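**Q** give me the fold of what follows.
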Amino acid sequence: MSSLIELGPLQLVVATLLVVAAGVISLVLRLGIGRRLAVAAVRTVIQLGLLGLILERVFALRHPVVIVGILVLMTIFAAREAASRTTKGYRGIMLDAWLAMAVSCFAVGGVVTQMVVGVEPWYEPQYVIPLIGMILGNSLTGIALGLDRFLDHLSTRHAEIELRLAYGASRREALAAPLQDAVRTGMVPIINAMAAAGIVSLPGMMTGQILAGAPPLQAVAYQIVVMFMIAAAVAGGAMLVVLLAGRHFMGADAVLRLDRLGTTK
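**A** Numbers count the residues shown, from 1 in each chain. Next comes the predicted model:
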């Protein structure tokens, strides 16, 4: 198998022209997204460039404290992004998003890196950081969708919840429907991705490994592991964040506290 073809400045310039073309289309059709596209492109270059420089140093150090510190920092930024994507909020939403993100991602990531892939040592950055990063990136979307759906359910269908409580439903029974709705919504993107994988699209990790010269079947095996671990992390994270959020709006007294629900975080 051939090795990965290296890309230089000229190739990156040509790729940049593709984004410029998208910007021109935006101007011609007056879509109003030209500035946002330009800012996103600049951020992509800066953020990925800095990440590449940092990872080179991290891979060279291979120190467990540094690796764990980076992973924790990644979860914080992911939780912040997830919390900011909800249309409604409450006091403590950032902490809840971080706890759900950290528990689900580290639990699933630990199983994959240690029991499936068998990474040695356990903190090997070449495997741990990319795998956890993929879990975080996809969990971010699932947790954000699930949390947003849960808060929207509380806001728009609170009468149904209060009716269940009036008929003697427990806290768990009253919040069962919002929880199910939220987790179902959070799972939609990964379920769609799994259903389309290999037929409509070639997933990212599989494509990357094939470009790097890995045998196709080995790339497929890794991609299957990745998609299954993402599904588990999204399901666990969405369920956990909803359970954590539910504590703020209904305690042991089974009284719905919508006064704690706001539109800003």
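**Q** Gln126 reaches Glu56, doesn't it?
**A** No. Between Gln126 and Glu56 there is no contact, the gap being 11.5 Å when judged by Cβ atoms under 8 Å. (Each C-beta comes from the backbone N, C-alpha and C, glycine too.)
**Q** in the stretch 151-265 of the chain, where is pLDDT below threshold?
**A** 200-203, 263-265 (pLDDT under 70).
**Q** got the residue ranges for the strands in the stretch 101-250 of the chain?
**A** Read by DSSP state E, counting those that start in this stretch, the stretch 101-250 of the chain holds no strands at all.
**Q** looking at the chain, which residue lies furthest from center?
**A** Tyr167 (38.0 Å; Cα atoms, centre = their mean).
**Q** packing partners for whichever strand or helix holds Leu50?
**A** Assigned by DSSP states H and E, Leu50 belongs to helix 34-61. For helix 34-61, the packing partners by 3 or more Cβ pairs under 8 Å, 6 or more residues apart in numbering; DSSP states H and E come out as helix 9-28, helix 64-84, helix 125-156.
**Q** mind listing what's buried along it?
**A** 37, 41, 58 (16 or more other Cβ atoms under 10 Å).
**Q** and if you look at stretch 86-100?
**A** Taking 16+ other Cβ under 10 Å as the criterion, stretch 86-100 shows 86, 88-90, 92-94, 96-100 as buried.
**Q** what about it, how long is it end to end?
**A** End-to-end span of stretch 86-100 (Cα to Cα, to the nearest Å): 15 Å.
**Q** residues contacting it, please?
**A** Residues outside stretch 86-100 that contact it (Cβ atoms under 8 Å, 6 or more residues apart in numbering): 75-76, 79-80, 82-83, 143-144, 147-148, 151-152, 155, 237-238, 240-241, 244-245, 248-249, 260-265.
**Q** ditto for stretch 119-132
**A** Contacts of stretch 119-132 (Cβ under 8 Å, 6+ apart): 55, 58-59, 62-64, 67-68, 70-71, 74, 105-106, 109, 112-114, 117, 226, 229.
**Q** tell me the buried residues in that stretch?
**A** Buried, per 16+ other Cβ under 10 Å, within stretch 119-132: 119, 123-125, 127-129, 131-132.
**Q** could the residues you listed go into TSV alongside pLDDT?
**A** Converted to TSV, the buried residues of stretch 119-132 look like this (pLDDT from 0 to 100):
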residue	pLDDT
Val119	85
Tyr123	85
Glu124	86
Pro125	85
Tyr127	85
Val128	88
Ile129	88
Leu131	87
Ile132	89
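**Q** roughly how far does Phe150 sit from Leu136?
**A** Distance, Phe150 to Leu136, by Cβ to Cβ, to the nearest Å: 20 Å.
**Q** got it, and Ile224?
**A** 19 Å.
**Q** show me the contacts for the residue nearest to Ala102 when sequence neighbours are not counted.
**A** Once flanking residues are discounted, Ala102 sits nearest to Thr75: 4.8 Å by Cβ to Cβ, 6 or more residues apart in numbering. Going by Cβ under 8 Å, 6+ apart, Thr75 touches 98, 101-102, 105, 136.
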